[in-house]
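Undergrad: structure for this input, please:
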Amino acid sequence: MKYLIIGAGGTGGSIGAFMTEAGKDLTVIDRGMHLEAIQNHGLKMETSRKGNYTVYPMKAWDMEHYNEHPDVIFNCVKDYSLMDTIPFIKRAAHKDTIIIPILNIYGTGGRMQKLLPDLLVTDGCIYISAEIKEPGIILQKGDIFRVVFGVRNPEDYRSVLEQVAADLEDSGITSIISDNIRRDALQKFSYVSPMAACGVYYDINAGAAQREGKERDTFIALMREIEALAQAMDIHFNVDIVESNLEILDNLSPTASTSLQRDLKQGKDSEINGLIFEVLRLGRNYGVNLPTYEMIAEKLGFKAENR
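TA: Next comes the predicted model:
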């Protein structure tokens, strides 16, 4: 199996490092100083679970110079860069290539499938706390590293997905093939969206929400609003998302923050639209009142004309 990862940041870089170290045929796509550092010195991982180590050599290219045809593409870019990857995927993929998007935004796979009608695009999500510390270095905090993926329609299932899951497991990454990815992706979103919203609103790291107080209460309220939205969408979680997500939160390093917070502080493009504002649009579409999201979105400049 030949793998390609688009975006070697905290998510894609971690998957790429673990799979490359396990001997899988894998290439990462990136650009700029981060790509140059990986090409010249490998990818250095600073992790809680495996210590510090460097994966070298590691196959790494930019989109313009990659000339292979992978069997599986993990798309790990930020939502605002998603459209830039579509022409590249069309060029790099062969007819049986499977695309597995690992983005924070709910519904990404369905959006990509419309743009790539001749390929199979699954949905997917990841549980991890990782970021680029500096070019060529990924900082991974905590012990959670789990990838969940699956097809939205049962008739699209391919047995090769089982090989993907096996390769991830062989690389030390917990892998789950979902039989209801619509539910499981929203379940992940029920963590990442409230955590991002709470973190940005209060300007806090995970530690503040790990203690009893207004920050934790707000996080819980946001999750309950996602739960109400899910019910309106006829999506039924098979776990108590508040209990489950609090367990994830409480297992994070107290210094962990969200990528949304880091991007906003650094003046970069961010996923604020998909992580927070889109929730309010869904609430309007499904007739669900979301007062906590409204409070946070108003502070973040969500305009009435966007609603």
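Undergrad: helices and strands of the chain: which one has the lowest mean pLDDT?
TA: Here the helix or strand of the chain ranked lowest by mean pLDDT, DSSP states H and E is helix 259-265, holding a mean of 89.
Undergrad: now find how far off-centre it is within its chain.
TA: Relative to its chain's centre, helix 259-265 lies at 15 Å (CA atoms, centre = their mean, to the nearest Å).
Undergrad: now do stretch 101-112
TA: Stretch 101-112 has its average C-alpha position 9 Å from the chain's average C-alpha position, going by CA atoms, centre = their mean.
Undergrad: mind exporting the C-alpha coordinates of it to CSV?
TA: Provided in CSV are the C-alpha atoms of stretch 101-112 (Å, rounded to 0.1, in the frame of the first residue of the first chain):
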residue,chain,number,x,y,z
PRO,A,101,-10.1,13.4,5.1
ILE,A,102,-8.9,14.1,8.6
LEU,A,103,-10.1,17.6,9.3
ASN,A,104,-11.8,19.3,12.2
ILE,A,105,-14.9,20.4,10.3
TYR,A,106,-18.0,18.2,10.2
GLY,A,107,-19.2,17.1,6.8
THR,A,108,-15.8,17.5,5.0
GLY,A,109,-16.0,14.1,3.3
GLY,A,110,-19.4,14.8,1.7
ARG,A,111,-18.2,18.1,0.4
MET,A,112,-15.0,16.6,-1.1
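Undergrad: quick check: mean pLDDT of it?
TA: Averaged across stretch 101-112, the pLDDT comes to 94.
Undergrad: tell me the strands beside the top strand by length along the chain, with direction?
TA: Determined from DSSP state E, the single longest strand within the chain is strand 137-150. Counting by DSSP bridges, the strands paired with strand 137-150 are strand 43-47 (parallel), strand 123-134 (antiparallel), strand 174-177 (parallel).
Undergrad: least reliable of those strands by average pLDDT, please.
TA: Looking at the strands paired with strand 137-150, the bottom one is strand 123-134 with a mean of 92.
Undergrad: mind checking how far it is from the chain centre?
TA: Centroid displacement of strand 123-134 relative to its chain, using CA atoms, centre = their mean, is 6 Å.
Undergrad: all set, thanks.
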